[in-house]
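Colleague: Here is a sequence together with a model predicted from it:
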Amino acid sequence: MDKLREVEGRAIPFGRKNIDTDVIIPARWLKTISREGLGEGAFETVRANEPDNPFDSEEFAGAPILIAGDNFGCGSSREHAAWALLDLGIRAVIAPSFSDIFAGNAFKNGILTVELPQTAIDRLLEVAQADQISIDLDAQSVTTPFQDRFAFEIDAFRKDCLMEGLDEVGLTLSRDGAISDFETGIRNQKPWLARGTGIAA
């Protein structure tokens, strides 16, 4: 996955509470195992029922940030929700709170979830109508062109993985040397464990 150090650009001012994963990507899109093309179905119900929705606005096309409401990503645990957001070009979601499962899926797919109080969300929704927003993961801050600065907390492990672009596979490969050293040590200390496994003792 790509490294994520800073996210800067227009932010989609959505702001609604209790948006579940079925709203993010309806169930009929779950038949695919591909991550590509899911952006077309993202927020399909909102787009179909609201002609002036921000997801179809040229002004927010390609926006890398989504500003959402409380309890974003609740409902079923579908990983397709994170895939759909990525396919829309979103690399960060800012909200007062997230479903734990959604936040986990987002992290594993390289999407930063930023929790800020509602007062900060309200201000960012206002700024997003016409101006860009910046997120600095290293400094753990969200800023605007108007000197607003909002600090956020993030788990240190998740921060490091996002900044280095390490998903679960990448994290394992980054420790290849330590894994090889461990396997060599085990073979030397307990050679009988390697018998019948195809691993040279």
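Modeller: That came through fine.

Colleague: Please identify the nearest residue in space to residue 38, excluding sequence neighbours.
Modeller: Leaving aside its chain neighbours, residue 38 sits nearest to residue 84 (4.0 Å; criterion: CB to CB, 6 or more residues apart in numbering). C-betas here are computed from N, CA, C, even on glycine.

Colleague: which residues does the one you found contact?
Modeller: 24-25, 29, 38-39, 41-42 (CB atoms under 8 Å, 6 or more residues apart in numbering).

Colleague: Show me those that map onto strands.
Modeller: Assigned to strands by DSSP state E, none of those qualify.

Colleague: out of these, which is most surrounded?
Modeller: residue 24 (29 neighbours; other CB atoms under 10 Å).

Colleague: May I have the phi/psi pair for the closest residue to residue 135 other than its chain neighbours?
Modeller: Excluding the flanking residues, the one nearest residue 135 by CB to CB, 6+ apart is residue 7, at 4.4 Å. Residue 7 has phi and psi values of phi -130, psi 120 when expressed as degrees, to the nearest 10.

Colleague: cool, and residue 122?
Modeller: phi -60, psi -40.

Colleague: For residue 22, which non-adjacent residue is closest in space?
Modeller: residue 75 (5.7 Å).
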